[in-house]
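K.L.:
What shape does this take:
(one chain, ligands or ions: 1)
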Amino acid sequence: MSSYVLFGLENPLLDYYVGGEDATLQKYGLKSNDAVLASEKQMGIYKEACVSYGAGGAAQNSCRAAQYVLPPNSTVFAGCVGDDDFARMLRESNEKAGLRSLFSVDPSTSTGVCAVVLSNNNKCRSLCTNLGAANNYKLNNLKIPEVWSLVESSKILYVGGYHLTVSPEAMLELAKHAVEKNKPYIMNLSAPFLSQFFKEQMDSVVPYCDYIIGNESEILSYGEHHGIETKDVGEVALALASVEKVNKKRSRAVVITQGADATIVVQDGEVKTYKPNHVPAEEIVDTNGAGDAFAGGFIAALAGEHGIDYAITLGHWLGQECIKVSGTTLPLPKKQY
Ligand code: 26A
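P.N.:
Numbers count the residues shown, from 1 in each chain. Take a look at the predicted model:
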């Protein structure tokens with residue numbers, strides 16, 4: 001039986017880059033740095049001319065990034081796709097990255113697509129997602145023996161917060177397994193809208209999390225919608241870290257990236273900061289996926305049983321390598337840290 005170190009779950013999406021920068025943002029009522037689910041009025045964006053496309057899906061990106069630094073065949077990623085060319089492209093790019101795709105297939109609808117609009121010299125990215133088949137992942141898909149046996153043999157579990165809109169039941173099933181076997185359970189906050197519109201689902205999963213990764217706007221949104229009266233990132237992170245845990249054998253760390261500014265880590269009541277290296281503006285090609293690559297490096301280090309300091313360093317390094325190339329990919333041939 002195969003066994004993988006890291007089991008990831010979320011939405012397998014194809015990223016569809018649309019040009020036009022500010023004009024496109026305005027046309028579809030999008031903010032320059034945000035992530036939303038497409039409304040009816042925004043569906044036209046997927047008919048705009050495509051500048052380029054590539055594998056996306058936040059947690060899928062992180063699993064590919066983790067595989068970049070882990071030994072071969074360490075990672076597996078589950079989600080739902082359609083029976084179409086987009087799904088074939090995702091399988092192909094995961095295979096190239098060494099990530100095993102564990103896709104459920106819903107032939108009645110198409111693979112999910114995320115429209116990406118870059119602006120402000122590629123420093124900002126706006127994401128507008130039509131989940132398509134990804135929205136149809138169910139607890140049953142996780143429980144089929146071929147999938148569940150890989151959950152059981154994995155050492156570490158990673159769920160994208162974006163899955164809160166799809167199957168919190170599947171996220172909780174993984175979470176309960178993690179507690180039972182005392183495996184690290186990691187969730188990403190993924191986007192500000194989740195703490196606002198999927199608060200109940202978020203609050204059902206947080207107690208199981210040993211690590212919560214996010215960025216400054218996501219943690220501030222968490223604070224705003226949980227009655228935490230401060231705009232101080234460290235203080236909101238402290239409040240999130242102190243939510244009662246189910247697994248008492250592990251403490252919780254909350255890790256907040258802030259682009260080029262220092263990453264904040266809260267654990268055991270302490271706030272620490274870690275400054276990433278400077279990347280000159282002329283080397284930044286595409287910031288899409290930087291946070292996902294960070295998460296991938298962070299998780300890979302934990303999977304290798306490294307401490308949090310090394311996990312942050314590896315995360316920063318992968319985040320920086322990701323923004324120097326187009327798409328959510330990492331440089332090939334592989335660089336070594
Ligand atoms: C449910 N939503 C909105 C999403 C996403 C998403 N991944 C999963 N679910 N919206 C955007 N993304 C992905 O985020 C990556 C950048 O962090 C995009 O596909 C993009 O690759």
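K.L.:
Quick check: phi and psi on the residue in the stretch 51-200 of the chain positioned nearest to the ligand?
P.N.:
Proximity to the ligand, evaluated over the stretch 51-200 of the chain using C-beta to the nearest ligand atom, is greatest for Gly56 at 2.6 Å. All C-beta atoms are positioned from the backbone trio N, CA, C, and that covers glycine. Backbone dihedrals for Gly56, given as degrees, to the nearest 10, come out at phi -140, psi -140.
K.L.:
Dihedrals phi and psi, the closest residue to it other than its chain neighbours?
P.N.:
Excluding the flanking residues, the one nearest Gly56 by C-beta to C-beta, 6 or more residues apart in numbering is Asp15, at 3.3 Å. Listed backbone geometry of Asp15 is phi -90, psi 130, with angles given as degrees, to the nearest 10.
K.L.:
Who are the contact partners of Asp15?
P.N.:
If you count contacts by C-beta atoms under 8 Å, 6 or more residues apart in numbering, Asp15 has them with 53-56, 113-114, 116, 288, 327-328.
K.L.:
Return the subset of those lying in strands.
P.N.:
With DSSP state E as the criterion, strands contain 53-55, 113-114, 116 from among the contacts of Asp15.
K.L.:
Does the residue lying closest to Gly269 once chain neighbours are set aside lie in a helix or a strand, and which?
P.N.:
Spatial nearest neighbour of Gly269, excluding adjacent residues (C-beta to C-beta, 6+ apart): Leu238 at 7.2 Å. Assessed by DSSP states H and E, Leu238 sits inside helix 233-241.
K.L.:
Kindly calculate the angle that the next helix or strand after that helix makes with helix 233-241.
P.N.:
Later in the chain than helix 233-241, the nearest helix or strand by DSSP H and E is strand 253-258. Relative orientation of strand 253-258 with respect to helix 233-241: 150 degrees, computed using axes from the mean of the first three to the mean of the last three C-alpha atoms, to 10 degrees.
K.L.:
Show me what counts as buried in the next helix or strand after strand 253-258.
P.N.:
For strand 253-258, the following helix or strand on the C-terminal side (DSSP H and E) is strand 261-267. Within strand 261-267, the residues that qualify as buried are 263-267, counting by 16 or more other C-beta atoms under 10 Å.
K.L.:
Thank you, goodbye.
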